[in-house]
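[1] Quick one: sequence plus predicted model below, questions after.
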Amino acid sequence: MILHDETYGGFYQGEYLTIDVYARTYLARSLTGEEALLKLLHEPLKGDDGIRFILEAQAFSRLNHRNIVRLRGFGLSPAPFLLEEYIPGDSLRDKYPQGYKMPLPEVLWYFRRIAGSLAAAHDAGIVHCKLCPGSILIRESGDIALTDFYMATVKGSNICMDNSDYLATELCYFDARRAGGAISRRRDIYSLGAITYELLCGRPPLTTKQMLTLGGEQILPPIELTPDLPAAISHAIMKALDCDPERGYLSILDFVECLEAAYAETL
């Protein structure tokens, strides 16, 4: 691996891996041979944006959960960067492309782990805001780890980063109109509901094209796409996708309790 001269938190930039609307990702290596994932933001951050980045990184670094990627370092120089635990392998999107219908017990296995990591983040005042199958990594052991917390929103900060570019590409898993508009935990609840829906039905609740229109498209209940799905499971997922905050879940744990109770009825 060819290493560049500049160091980021003691790691040298190496092989280019991928890019998204906010950052380029590289494999990085220290002089002792340790590997990490280096994420370099596209634009320099100044003033409030730099403060926001540091606040988010500090909050992320305090998260300690087996299903959340560990942050190893961060900084603004020589460019805004994050160093994350390197997890080789596939994401949930890579392993299960759209069209694949997963059996209910397997869906619940993933659901419990994703929900547990989100609950830990919410307890720390962090809303992920970017949850999709591509941000769920699969370890060699088969367990999962959530990443992309660098676009999270920290409770108590009055600096709000614009997610419009992200929304244009990942609207299948997030719709502000259905998640209550403002940045809140309901965004992650909706995203978890959308991912669970897709794993069971083979497609997201709405397509990106449908999300980008203002026609008020209705989501089909999962049971209509997967007829052998228990009605209580279908109802629990639809509640997570409800556009009315008065009818939706107040927390990730509420969603977990409802879905687990629905599954218990099938045993």
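    Thanks, I have the structure now.

[2] make it CA atoms for all contacts and neighbour counts henceforth
    OK.

[3] For the stretch 151-267 of the chain, just list every one of the strands.
    153-154 (DSSP state E, counting those that start in this stretch).

[4] Spell out, range by range, the helices that occur in it.
    Ranges of helices in the stretch 151-267 of the chain, per DSSP state H, counting those that start in this stretch, are 164-170, 185-201, 208-212, 222-225, 231-240, 252-264.

[5] any idea which residue sits dead centre in this protein?
    For the chain, the residue sitting closest to the mean C-alpha position, by Cα atoms, centre = their mean, is Leu131 at 2.2 Å.

[6] Quick one: residues contacting that residue.
    Asp148, Tyr173, Asp188, Ser191, Leu192 (Cα atoms under 8 Å, 6 or more residues apart in numbering).

[7] Can you tell me how far the second one is from Gly142?
    I take that to be Tyr173. 23 Å (Cα to Cα, to the nearest Å).

[8] pLDDT weak spots in the stretch 101-250 of the chain?
    Applying pLDDT under 70 to the stretch 101-250 of the chain flags the ranges 150-171, 175-183, 208-217.

[9] According to the record, where do the domains of the chain fall?
    7-85, 92-264 (automatic domain parsing).

[10] tell me how far stretch 189-200 is from the chain's mean position?
    11 Å (Cα atoms, centre = their mean, to the nearest Å).

[11] ah, wrong one, I meant stretch 30-46
    Worked out by Cα atoms, centre = their mean, stretch 30-46 lies 20 Å from the chain centre.

[12] quick one: buried residues of it?
    Neighbour-count burial for stretch 30-46, counted by 16 or more other Cα atoms under 10 Å, picks out Ser30, Glu35, Ala36, Leu37, Leu38, Lys39, Leu40, Leu41, Leu45.

[13] ends of it, how far apart?
    Taking Cα to Cα, stretch 30-46 runs 28 Å from one end to the other.

[14] part of a strand, is the residue nearest to the centre of the chain?
    No: judged by DSSP: H, G, I helix; E, B strand; the rest coil, Leu131 forms no part of a strand; its state is coil.

[15] where's it relative to Asp244, distance?
    Taking Cα to Cα as the measure, Leu131 falls 20 Å from Asp244.

[16] Check Leu229 too.
    Plainly put, Leu229 is 24 Å away from Asp244 if you go by Cα to Cα.

[17] who's more crowded, the two?
    Legend: neighbour count by other Cα atoms under 10 Å for Leu229 and Asp244, higher for Leu229 (17 against 14).

[18] So what does that one have for phi and psi?
    Here the main-chain torsion angles of Leu229 (degrees, to the nearest 10) amount to phi -70, psi 130.

[19] Then Pro97?
    phi -70, psi 160.

[20] can you tell me how far it sits from Pro222?
    18 Å.
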